[in-house]
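A.B. asks: sequence unknown, structure follows:
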Ligand code: 0RA
């Protein structure tokens, strides 16, 4: 299905690195999706992603995000700090290279699973290019280092502005989006709140603090329970069918699959899915694999325990009142669909299905009271569906 557009896109992808930051300003949508509200908020996620990577590597525990009164955003982390030593190739401080060169810095040579949620896998340099001002402060090696940039260009050389106790490290990034690029430069607390909470659920133990300096509003996201707390949070205003969610995490040579499930007494299906912490709104092969496993595991349990009266339960029957979070990590995700939020990797379906099936079977065997409650709920859905026919 190769067409002219694909060939053109393929070409432009490969010149992306060569064209540098002017290219980012020339075609911002290629890097941040769009120049509207969602693209604007994407800038914050790009900066936060770098701190999340530092947290995933085990060096950062708190990320602080503040909407400042002047319309800028500040992201502070307590990681190791962006390196400040002179880069061997560019002969400039590493932090300057990270901020002013597209895809620069060792952080972008990600290990197979060390993939975080940046929609286009770009970094802080894209944010710098699309900001009328960016200030980066690095605490490292006992010193406070600072540099500012205007549309991605340094305003002065990296300078030392003070001292800190050795061992006190971290990075602070403040930026004001360029209003000549974006249709709106007004950040929305609730938009950031939703995504930052999600990032926090997906990275258990990571603390993210969101503040609005104007209103004084403050939210703290910190969940030691990860997906277990996520599924309970989604169900918080509902009546849960079982207190303890079904939970499993399995690592295979190609994939990490993590899942939390909790039924409620309602009739809605609510399956949230993530690939490398990106919300796959349109689902995909991981979701298909999970759903197939769920239907099969519930039918197997029901048949084995002679609970079935009117034939096997359908997928729709077993998904009434289902709340599930599926999070997978895959080295080379292929995103498809209208909004590029549908996972296409065909090999994922079977792996997620077999991992989910064995984990669900094990949970049902060990929790027969919960298993029967789920089966009976699905049988009620089946009866209602049959009666409606
Ligand atoms: C490159 C290398 C190292 C850390 C970072 C980048 C880093 C980048 C960001 C961006 C926001 N916060 C960050 N924290 C760290 C490793 C440095 C080392 O080996 O000490």
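C.D. replies: Looks like it arrived, so ask away. The structure presented is a predicted model; accordingly, all values stated were derived computationally and were not measured.
A.B. asks: and the pLDDT at residue 22?
C.D. replies: At residue 22, the pLDDT value in this model is 89.
A.B. asks: show me the helices in the chain, by range?
C.D. replies: Using DSSP state H, the helices of the chain run over residues 4-26, 29-32, 37-56, 94-100, 124-129, 189-202, 227-234, 285-304, 315-318, 346-366, 368-388.
A.B. asks: now find how far off-centre the fifth one is within its chain.
C.D. replies: Translated: helix 124-129. 19 Å (CA atoms, centre = their mean, to the nearest Å).
A.B. asks: from the contact counts, what lies against it?
C.D. replies: helix 4-26, helix 37-56, helix 94-100, strand 170-177 (3 or more CB pairs under 8 Å, 6 or more residues apart in numbering; DSSP states H and E). Heads up, the C-betas are built off the backbone N, CA and C, glycines and all.
A.B. asks: pick the most deeply packed of the helices of the chain.
C.D. replies: helix 124-129 (a mean of 27; mean count of other CB atoms under 10 Å).
A.B. asks: quick one on the thing from earlier: out of the helices and strands packed on helix 124-129, which gets nearest to residue 366?
C.D. replies: Between residue 366 and those, the tightest spacing by CB to CB is seen for helix 37-56, at 30.9 Å.
A.B. asks: now do that closest one: which elements does it pack against?
C.D. replies: helix 29-32, strand 62-67, strand 73-77, helix 124-129, strand 170-177, helix 189-202.
A.B. asks: looking at the ones you listed, which has the lowest confidence?
C.D. replies: helix 29-32 (a mean of 90).
A.B. asks: show me what it is packed up against.
C.D. replies: Helices and strands touching helix 29-32, by 3+ CB pairs under 8 Å, 6+ apart, are helix 4-26, helix 37-56.
A.B. asks: mean pLDDT lowest where, among those helices?
C.D. replies: Among those, helix 4-26 scores lowest, with a mean of 58.
A.B. asks: I'd like to know how far residue 229 sits from residue 63.
C.D. replies: Residue 229 sits 18 Å away from residue 63, taking CB to CB, to the nearest Å as the criterion.
A.B. asks: do the same with residue 137
C.D. replies: 15 Å.
A.B. asks: tabulate the helices and strands packed on helix 124-129 (CSV), appending distance to residue 366.
C.D. replies: Listed next are these as CSV, based on distance: least, CB to CB, whole Å:
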stretch, distance to residue 366
helix 4-26, 48
helix 37-56, 31
helix 94-100, 48
strand 170-177, 44
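A.B. asks: residue 282: which of those is closest?
C.D. replies: Per CB to CB, nearest to residue 282 of the helices and strands packed on helix 124-129: helix 37-56, 15.4 Å.
A.B. asks: which residue sits closest to residue 126, ignoring its sequence neighbours?
C.D. replies: The shortest distance from residue 126 to any non-neighbouring residue, by CB to CB, 6 or more residues apart in numbering, is to residue 31 (4.8 Å).
A.B. asks: I figured that neighbour hits residue 127, correct?
C.D. replies: No. Using CB atoms under 8 Å, residue 31 makes no contact with residue 127, being 9.5 Å away.
A.B. asks: now the nearest residue to residue 326 once chain neighbours are set aside: how far from the ligand?
C.D. replies: Counting by CB to CB, 6+ apart, residue 273 is the residue found nearest to residue 326 once chain neighbours are left out, at 4.6 Å. Here the distance between residue 273 and the ligand works out to 27 Å (CB to the nearest ligand atom, to the nearest Å).
A.B. asks: what's the answer for residue 312, then?
C.D. replies: Taken as CB to the nearest ligand atom, the span from residue 312 to the ligand is 51 Å.
A.B. asks: do stretch 143-155 and the ligand meet?
C.D. replies: No. Counting by CB under 6 Å from any ligand atom, the ligand is not contacted by stretch 143-155; separation bottoms out at 12.8 Å.
A.B. asks: count the neighbours of the closest residue to residue 347 other than its chain neighbours for me.
C.D. replies: Leaving aside its chain neighbours, residue 347 sits nearest to residue 254 (7.0 Å; criterion: CB to CB, 6+ apart). Residue 254 has 15 neighbouring residues, counting by other CB atoms under 10 Å.
A.B. asks: residue 310 is in contact with residue 386, isn't it?
C.D. replies: Yes. Residue 310 lies in contact with residue 386 (CB under 8 Å); the separation is 6.8 Å.
A.B. asks: where does the prediction get shaky in the stretch 101-250 of the chain?
C.D. replies: Counting by pLDDT under 70, the ranges of the stretch 101-250 of the chain that qualify are 103-122.
A.B. asks: measure the most centrally placed residue in the chain to residue 258 for me?
C.D. replies: By CA atoms, centre = their mean, the chain has its centre lying nearest to residue 277, at 2.8 Å. Counting by CB to CB, the gap from residue 277 to residue 258 is 11 Å.
A.B. asks: overlap in contacts of the two?
C.D. replies: Taking CB atoms under 8 Å, 6 or more residues apart in numbering as the criterion, residue 277 and residue 258 both touch residue 327.
A.B. asks: quick one, what contacts the residue lying farthest from the centre of the chain?
C.D. replies: Going by CA atoms, centre = their mean, the residue of the chain most distant from its centre is residue 309, 42.3 Å out. Neighbour list for residue 309: residue 379 [criterion: CB under 8 Å, 6+ apart].
A.B. asks: swap the cut-off to 10 Å and go again
C.D. replies: 302, 379, 382-383 (CB atoms under 10 Å, 6 or more residues apart in numbering).
A.B. asks: then residue 175?
C.D. replies: Per CB under 10 Å, 6+ apart, neighbours of residue 175: 43-44, 46-47, 68, 72-75, 124, 127-128, 130-136, 149.
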